[in-house]
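J.: With the sequence up front, the predicted model follows.
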Amino acid sequence: MKLGRVMGSVVCTRKDPSFEGVTLLLVQPLDEQKKPVGDMIAACDTVQAGPGDLVFFEGGREAAMALPNAFNPSDASVLGIVDDIGVQA
Amino acid sequence: MILGRVMGNVVSTHKHEGYQGCTMLVVQPVDPEGKPAGKTFLAVDRAQAGTGDLVLVNDEGNSARMILGDSKAPIRTVIVGIVDAVERD
């Protein structure tokens, strides 16, 4: 499970039928200091996250399980909006 | 499972129902000597770990669901123990 920030959305009209009704977000993974780490990814939204929101997302089969139609090819899904993280330096 | 050091906590009120009631912590993977070894990640806490604790983290879906007893929760990364000591021969 990783921290990320929603940078935008991915509009996709022709897609796998199991993604019907699923919003796709552009997410930048972050480290514990909220600094970008790694490349941006497209992730399915399950919590109506908006642009700029700090979120957490999960990969693997759990990403697919979180969607209405659990049999789908998602490998990353936003599962929560993070209010804050408290980390000692 | 991997060794990690708890760096802090994550506050998230708006999240997937599978995560309701779950405490989430920020974990830094460490090597057996305790030195940082890899990127930080988030994990659901099942061992009442606190910041600074050396912990055992399970990062595999099936075991996570067995631990959580709820096969629908999209949770994969779970803190399953607090490590007292690591002894190498």
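T.: Good, I have the coordinates. Residues are numbered from 1 along each chain as shown, chains lettered A, B, ... in the order given.

J.: all strands for chain A, in order.
T.: Here chain A has its strands, by DSSP state E, at A:2-10, A:24-30, A:41-45, A:54-59, A:76-81, A:84-87.

J.: tell me, which of those strands is the model least confident about?
T.: Note on those: lowest mean pLDDT is at strand A:84-87, with a mean of 94.

J.: so what does that one touch, helix or strand wise?
T.: strand B:2-11 (3 or more C-beta pairs under 8 Å, 6 or more residues apart in numbering or on different chains; DSSP states H and E). For the C-beta atoms, the positions are set from N, CA and C on the backbone; glycine is no exception.

J.: what does the strand it packs on contact?
T.: By C-beta atoms under 8 Å, 6 or more residues apart in numbering or on different chains, the residues outside strand B:2-11 that reach it are A:3, A:32, A:56, A:82-88, B:23-32, B:34, B:36, B:40, B:42-43, B:49-57, B:59, B:79, B:83, B:86.

J.: Which positions in it come out as buried?
T.: By neighbour count on 16 or more other C-beta atoms under 10 Å in any protein chain shown, the buried set for strand B:2-11 is B:Ile2, B:Leu3, B:Gly4, B:Arg5, B:Val6, B:Met7, B:Gly8, B:Asn9, B:Val10.

J.: now do stretch A:68-86
T.: A:Asn72, A:Ser74, A:Asp75, A:Ala76, A:Ser77, A:Val78, A:Leu79, A:Gly80, A:Ile81, A:Val82, A:Ile85.

J.: Restricting to C-alpha, output that stretch in PDB.
T.: What follows is stretch A:68-86, C-alpha atoms only, in PDB (Å, rounded to 0.1, in the frame of the first residue of the first chain):
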ATOM      1  CA  PRO A  68     -17.700  -3.300  -8.200                       C
ATOM      2  CA  ASN A  69     -17.000  -6.000 -10.800                       C
ATOM      3  CA  ALA A  70     -14.100  -7.800  -9.000                       C
ATOM      4  CA  PHE A  71     -13.100  -9.700 -12.100                       C
ATOM      5  CA  ASN A  72     -11.100  -6.900 -13.800                       C
ATOM      6  CA  PRO A  73      -7.600  -6.200 -15.000                       C
ATOM      7  CA  SER A  74      -6.800  -3.400 -12.500                       C
ATOM      8  CA  ASP A  75      -3.400  -3.400 -10.800                       C
ATOM      9  CA  ALA A  76      -3.800  -0.200  -8.900                       C
ATOM     10  CA  SER A  77      -6.800   1.300  -7.100                       C
ATOM     11  CA  VAL A  78      -7.100   4.300  -4.800                       C
ATOM     12  CA  LEU A  79      -8.700   3.000  -1.600                       C
ATOM     13  CA  GLY A  80      -8.800   6.100   0.600                       C
ATOM     14  CA  ILE A  81      -8.200   9.800   1.000                       C
ATOM     15  CA  VAL A  82      -5.400  10.600   3.500                       C
ATOM     16  CA  ASP A  83      -6.200  13.400   5.900                       C
ATOM     17  CA  ASP A  84      -2.600  13.500   7.100                       C
ATOM     18  CA  ILE A  85       0.400  11.400   7.900                       C
ATOM     19  CA  GLY A  86       2.500  12.000  11.100                       C
END
